[in-house]
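> Pasting a predicted model and its sequence here:
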Amino acid sequence: MVYRKLLTIQDISCVGQCSLTVALPILSAAGHETCILPSAVLSTHTAGFSGFTFRDLTQDMPAISAHWAKENIRFDGVYTGYLGSMEQIGIVKEIFDTRLNPGAKKIVDPAMADGGKLYPAFDAAYVEAMKTLVREADVILPNITEACFLTGVEYRETYDEAYIDVLLKALASIGAKSVVLTGVGYTPDSTGVVVYENGGKRYYRHRKISKGCHGTGDVYASAFVGALENGKSLYDAAVIAADYTVRCIEFTQGDASHWYGVKFEPLLSEYIAAMR
Ligand code: PXL
C-alpha cells in the first residue's frame, strides 16, 4: 500500500451516504491521508429528499486555498465530485495548477447527472463549465448520462458497443484523457465499466442488482481513487471498485428503509483485502 496525501473536493451531505461522508472513510480505509475542501453543506443529498438545506461554500474556498499556499501545503493527488456552483470550477482549476505535487493525478467525477437527467442544482451553463474541468483531468469517471451531457451525444437507455465507442471518441474529442465510464450494460441483467486509455478500451462486466441505487457513484469513484493511488492500474482499480460497489448494493438490497444510499461500511475490510 502507498501512503498519499490526497485532496477531495465535494459537498458534505450531512445525511445520505454520498460525497464526503463516503469519500473520507473509503480513502482512509485505502490507507491515504485524506484532506477535504467542502463545496457546500446540505442537510441531505438532493436525490429523493425534499426541502433540503444548502449552504454554498464558494466564498470560503479561495481563502482556504490561500491559507494552504501560505503554509506551503500540497497534495499528491486530487479527486473532485459534486461541486456547489459553477464558479467553483474555476477555483478547482486554480487548485489543480497551484497546490499539487509533481506527478499528482487529477481525477474528476463530473457528478452532475444520472438516468438521462441533470441533478436539480445544475443547468446547461454548468455542463459547459464542467467540460473545461474535464479537459484538465488525468482521469474522468462519468456515467453514461454525464458523458452524453458533456459531449452532446443523444442519451439512450439501450445501446450496443458501437454507441459506447461513439461516446468515448466524443469524450476524447472534448479533451478527456483517460475515461472510466460507469454503468455500461449491454444486456438487461448485467452492467459494467469501460476503461478507455491511450485510444484503447477494456470492459469489465458485472452483475446488475437493482436500478438506480443512490450514492453508488460516489462509493465507486472513492474506491477507484483509493486503489489507483495505491499503485493499481486504471483497469485493476476499476475492477476493485466495481466488485466492492456491487457487494455494497447486495448488502443493502432488501432494506427498503435504506433507499438513500448503500451500507458500504461493513464491507470496507473486503475492499482493503482486494487491494493487497
Ligand atoms: O452522489 C452524488 C451527489 C452528491 N452530492 C449531492 C447530491 C448527489 C446526487 O444527487 O445530491 C448533494
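Now that the structure is in, tell me what you want to look at. Everything quoted here is computed from the prediction, not taken from an experiment.

> Could you list the residues of the stretch 51-200 of the chain in contact with the ligand?
Taking Cβ under 6 Å from any ligand atom as the criterion, the neighbours of the ligand within the stretch 51-200 of the chain are 82, 111, 119. No exception for glycine: its C-beta is placed from N, CA and C like everyone else's.

> phi, psi of the one residue in the stretch 151-276 of the chain that gets nearest to the ligand?
Among all residues of the stretch 151-276 of the chain, residue 218 sits closest to the ligand, at 4.6 Å; criterion: Cβ to the nearest ligand atom. With angles defined as degrees, to the nearest 10, residue 218 sits at phi -80, psi -40.

> Check what pLDDT it gets.
Residue 218 carries a pLDDT score of 97 in this model.

> Next: residue 210.
Per-residue confidence (pLDDT) for residue 210: 66.

> follow-up on the earlier one: hang on, the residue of the stretch 151-276 of the chain closest to the ligand packs against residue 114?
No - with contact taken as Cβ atoms under 8 Å, residue 218 and residue 114 are classed as non-touching, separated by 11.5 Å.

> For the two, indicate the residue with more neighbours.
Between residue 218 and residue 114, counted using other Cβ atoms under 10 Å, residue 218 has the larger neighbour count: 29 against 18.

> so how far is residue 270 from that one?
Spatial separation of residue 218 from residue 270 under the definition Cβ to Cβ, to the nearest Å is 18 Å.

> quick one, phi psi at the residue sitting nearest the centre point of the chain?
Closest to where the C-alpha atoms of the chain average out (Cα atoms, centre = their mean) is residue 109, at 3.5 Å. Summarising the backbone geometry of residue 109 under the convention degrees, to the nearest 10, its torsions are phi -100, psi 110.

> tell me the contacts of it?
79, 80, 81, 140, 141, 142, 217, 218, 221 (Cβ atoms under 8 Å, 6 or more residues apart in numbering).

> Can you name the two of those residues that sit furthest apart?
140 and 218 (14.8 Å; Cβ to Cβ).

> biggest helix in this structure by residues?
With residue count as the measure and DSSP state H as the assignment, the chain has helix 234-252 as its longest helix.

> buried set for that one?
234-249, 251-252 (16 or more other Cβ atoms under 10 Å).

> Count the residues that sit near residue 145.
By the measure other Cβ under 10 Å, the count of residues near residue 145 is 19.

> what's the answer for residue 124, then?
The criterion is other Cβ under 10 Å. On that basis, residue 124 has 9 neighbouring residues.

> if we can go back for a sec, who touches the longest helix of the chain?
Helix 234-252 is contacted from outside by 139, 178, 180, 192-193, 195, 197, 202, 204, 206-207, 209-210, 213, 216, 219-221, 223-225, 227-228, 232, 258, 261-264, 266-267, 270-271, 274-275, using Cβ under 8 Å, 6+ apart.

> Great, nothing more from me.
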